[in-house]
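[1] When you get a sec, could you give me coordinates for this:
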Amino acid sequence: MQELAKVRLTAWVHGRVQGVGFRWWTRSRALELGLTGYAANKPDGRVQVVAQGPRDACDRLLDLLRSGETPGHVDHVVADFTEPRDSLEGFTER
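    The predicted structure follows:
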């Protein structure tokens, strides 16, 4: 079943997303969805979100990142789905 398949979502979030609580917000949504991974500030102003878990939960997190209801302002999100790797525990802010 598609919704039970485990995946790794890597999303690059562009916009005004640093210093506005974006990583904390992302962490909260990911934990609510039962995902593991992290949200990390990058030197160029983007936030990288890496989440692993069921495909439907990762799709939902991606929808939330693109929803316009995040802290700050998201211009666009570039996303990639791959096979899960590394065993990630919890969801952290980096």
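[2] Walk me through which strands the helix or strand of the chain with the lowest mean pLDDT pairs with, and which way each runs.
    Lowest on mean pLDDT, DSSP states H and E among the helices and strands of the chain sits strand 91-93, with a mean of 92. As defined by DSSP bridges, the strand partners of strand 91-93 come to strand 36-41 (parallel).
[3] what sits up against the partner strand?
    For strand 36-41, the surrounding residues in contact (CB atoms under 8 Å, 6 or more residues apart in numbering) are 9, 18, 22-23, 26-27, 30, 47-53, 88-94. Heads up, the C-betas are built off the backbone N, CA and C, glycines and all.
[4] Quick check: closest non-adjacent residue to the residue nearest the centre of the chain.
    The structure's the chain has its C-alpha centroid closest to Val49; by CA atoms, centre = their mean the separation is 3.8 Å. Closest residue to Val49 apart from its sequence neighbours, by CB to CB, 6 or more residues apart in numbering: Ala11 at 4.3 Å.
[5] Give me the pLDDT for the one you found.
    With respect to pLDDT, Ala11 has a value of 98.
[6] That one is in what secondary structure piece?
    strand 6-16 (DSSP states H and E).
[7] ok, and what's touching that strand?
    With contacts defined as CB under 8 Å, 6+ apart, strand 6-16 is touched by 22, 37, 45-55, 58, 61-62, 65, 72-85.
[8] so of those residues, which ones are in strands?
    Using DSSP state E, the members of those that fall within strands are 37, 47-54, 73-82.
[9] residue ranges with poor pLDDT in the protein?
    Applying pLDDT under 70 to the chain flags residues 1-3.
[10] The same query, at a cut-off of 50, please.
    Counting by pLDDT under 50, the chain contains low-confidence ranges at 1.
[11] Please report the separation between the first and final residues of stretch 65-80.
    Stretch 65-80 stretches 14 Å from its first residue to its last (CA to CA, to the nearest Å).
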